[in-house]
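Visitor: Sequence and computational prediction follow.
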Amino acid sequence: MTNMGKNELIKAIKPRYLKASKKEKTVILDEFCGNTGYNRKYAVEILQAKCDYHRVLRVGRKSRARIYDSKVLSAVIKIWELLEYPCGTRLKSMIIPMLEAMIRFKEISVSDDIQEKLKAISSKTLDRRLAKERELRRLKRNRGNTRRGSLLKSSIPVRITNWDTNVIGFMEMDTVAHNGGDPAGEHIYSLDMAEICSGWSEQAAVMGKGEGGIVSAVNEIKSAVPFELKGLDSDGGSEFINWHMVRYCEAAGLFFTRSRPDRKNDNAYVEQKNYTHIRRRLGYGRYDTREQLDAINDLYRNELRLFNNFFRPAMKILSKEKVNNSVCRKKYDEAKTPYQRLMESDQTPEAAKQKLKELYLSLNPVQLRKAIDEKLEKIKKTQIKQS
């Protein structure tokens, strides 16, 4: 029986119940409980004359006292903005590490009581309390213009099975064009590479997408990552499917595969980074000068890679389950940063862990964000000069 049907039944039965004898009330209660599924004591209570069954509809429920006041929310918003507005689940996992880092560098001052509340706050409460703030920060998306190449496709195997996400060292790569919607002429491309197991990502800017420039950028990233690179996977773009890349991978002992044509999800790990790590920063404008190239690489090689890999959490999907052949129910693990995943992995050598920990303790997330914003502002000013 629906709630509307139950309300109508109560309205019809209550006058008769109040006038009935004790035996008649017993019969009415049996019938009423059988139809509605209510507990007998609850049914007796709501059928009493003093019970105002529609009070909640008229007056509303009594609001609960807020545990997390404006001081707690203020601290949450500072961390939320610093991490670039993640969802409640990802934010929850990073509130305490970020708070500790900000306190260590005296970027924030909070009482012990607020710290305890920040430890206890749930991801659902975070989403609910930040809903209004989220409405004010909406961004649009767009598409790039990379095209697949046809050279050497028979020599590079297609990856037709899922990655083993428990093995560190395999990276997906893609390019993002900064042409402002006009593909004519030479312009800058961002090479984006994402490690599958930990989520560690690296970016590099190159002028054009010639084979030599892309291979050089890949080699530079290979030297910078804190793990042994074992394999690469790309889409069918001509910047990757060429002899330069094949020979480089053979010489470096890297397993090189490509995704299936027109299957964007084959490169899902790096595709999502294209927006969050590149487009969201640099936008969709045109960059085509040597000055801009040097400035973008300065940002990529320093503050941006440190902030993304040490302070930006991400969740990994654990399982998918179809419900009624339509809705896909997904389960995710706890949100963690790439740094945390590498530190927890048995595959990361102790020497590498020690270096990562020392680097992490030396990083001030607030200063990193300020430096990122300042550099981005300078980069975008070069666009204004050109126009």
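Guide: Yes, it's here. Residues are numbered from 1 along each chain as shown.

Visitor: The nearest residue to Leu304 once chain neighbours are set aside: neighbour count?
Guide: Leaving aside its chain neighbours, Leu304 sits nearest to Ile372 (5.8 Å; criterion: Cβ to Cβ, 6 or more residues apart in numbering). Heads up, the C-betas are built off the backbone N, CA and C, glycines and all. Ile372 has 18 neighbours, counted by other Cβ atoms under 10 Å.

Visitor: same deal with Ile278?
Guide: That count, for Ile278 with other Cβ under 10 Å as the rule, works out to 24.

Visitor: Can you classify the residue nearest to Leu304 by secondary structure?
Guide: Under DSSP: H, G, I helix; E, B strand; the rest coil, Ile372 falls in the helix class.

Visitor: What sits closest to Asp266 if chain neighbours are left out?
Guide: Here the residue nearest Asp266, using Cβ to Cβ, 6+ apart, is Ser259, at 3.3 Å.

Visitor: dump the residue contacts of the one you found.
Guide: By Cβ atoms under 8 Å, 6 or more residues apart in numbering, Ser259 lies in contact with 158-159, 233-236, 266-267.

Visitor: Give the next helix or strand downstream of the helix or strand containing Leu57.
Guide: Assessed by DSSP states H and E, Leu57 sits inside helix 55-59. Counting by DSSP H and E, the element after helix 55-59 in chain order, helix or strand, is helix 70-82.

Visitor: now the stretch 51-200 of the chain, which segments are flagged as low pLDDT?
Guide: For the stretch 51-200 of the chain, residues meeting the criterion pLDDT under 70 lie at 56, 137-157, 159-163.

Visitor: the helices in it, which residues?
Guide: 55-59, 70-82, 88-104, 112-120, 123-129, 131-135 (DSSP state H, counting those that start in this stretch).

Visitor: The second one to helix 88-104, inter-axis angle?
Guide: When axes from the mean of the first three to the mean of the last three Cα atoms, to 10 degrees is applied, the directions of helix 70-82 and helix 88-104 differ by 100 degrees.

Visitor: what's helix 70-82 in contact with?
Guide: 68, 86, 91, 94-95, 98-99, 102, 108, 110, 114, 117-118, 121, 126, 129-130, 133, 311, 365-366, 369.

Visitor: orientation of it relative to helix 112-120 in degrees?
Guide: Using the same axes, to 10 degrees: helix 70-82 against helix 112-120 is 50 degrees.

Visitor: rewinding a little: now for the residue nearest to Leu304: which residues touch it?
Guide: 281, 299, 303-304, 307.

Visitor: How about Cys328?
Guide: Cys328 neighbours (Cβ under 8 Å, 6+ apart): 320-322.

Visitor: Could you dump those into CSV and include secondary structure?
Guide: Formatted as CSV, the contacts of Cys328 follow (three-state DSSP):
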residue, secondary structure
Lys320, strand
Glu321, strand
Lys322, strand
